[in-house]
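In: Sharing a sequence plus its predicted fold:
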Amino acid sequence: MVLTISKPCRYEREIKKSRFIATAAPVESPARAMDFIERTGELQATHNCWAYRIGNDYRFSDDGEPAGTAGRPILGAIEKQGLDRVAVVVTRYFGGTKLGAGGLARAYLGTAAECLRSAAKREVRDKATVRFEADFDATGAVHAAVERIGARIIRERYTDSGIDAEIQVDENSVESLKEALLQATRGKGGFPGRGRE
């Protein structure tokens, strides 16, 4: 289980006449993260620095700021709050006063951290996919069992012998789902690769 933010959020502050605007969003994949980053950056801004973390995958950019003063601190803000599947863009409008490397790092880290702190959080459970086959007359019972466990059918096709379904479920509910499916089909359903049980 991981913790992410529930919805996009924004935080803005001024530091020595420079405007820092942090925008964060939950993201499910690196492609979604990059799409969010490209849509969020403001063309007229001096810098659009960013970072994302999705599991073990992470990236960051200083976007022209001195190396290590923006992207890495933004990533640090994500990590210090124990968040995952999150992307953050911090846009800077330069106000004429230089902050120095330490000042920049604190500004980017602090702005990103405050944005994330104010965001509503939610738990995300890892998903597993279970494939199940059953006779046609068990279709209704299979659907009912899937719904009862809180899973969902992501693909279903009909074969000569019945239905072949791919079901997505929280990883910690796989065994409960399998048991429910076998009970629903009175043991006549099966998991491909293992034969009918």
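Out: Yep, that arrived.
In: mean confidence score for the lengthiest helix in the chain?
Out: Longest helix in the chain, counting residues (DSSP state H): helix 100-118. Averaged over helix 100-118, pLDDT sits at 95.
In: This protein - how does it break down into domains?
Out: Domain ranges of the chain: 2-124, 127-196, per automatic domain parsing.
In: And the strands in this protein?
Out: 2-5, 9-15, 18-26, 47-54, 57-61, 86-93, 121-124, 127-134, 152-158, 163-170, 190-191, 195-196 (DSSP state E).
In: Make TSV out of the ones you listed and add mean pLDDT and mean neighbour count.
Out: In this view, the C-beta of every residue, glycine as well, is placed from N, C-alpha and C. Compiled in TSV, the strands of the chain are given as follows (pLDDT from 0 to 100; neighbours: other C-beta atoms under 10 Å):
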stretch	mean pLDDT	mean neighbour count
strand 2-5	88	19
strand 9-15	95	15
strand 18-26	95	23
strand 47-54	96	25
strand 57-61	95	16
strand 86-93	96	26
strand 121-124	86	12
strand 127-134	86	17
strand 152-158	88	11
strand 163-170	87	18
strand 190-191	84	16
strand 195-196	38	10
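In: how about TSV for these, with distance to G76 added?
Out: Shown next, in TSV, are the strands of the chain (distance: least, C-beta to C-beta, whole Å):
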stretch	distance to G76
strand 2-5	16
strand 9-15	16
strand 18-26	13
strand 47-54	8
strand 57-61	9
strand 86-93	11
strand 121-124	18
strand 127-134	28
strand 152-158	36
strand 163-170	30
strand 190-191	44
strand 195-196	51
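In: Looking at those, which is nearest to G68?
Out: Closest approach to G68 among those is made by strand 57-61 (9.8 Å; C-beta to C-beta).
In: For the closest one, name the packing helices and strands.
Out: helix 30-40, strand 47-54, helix 71-80 (3 or more C-beta pairs under 8 Å, 6 or more residues apart in numbering; DSSP states H and E).
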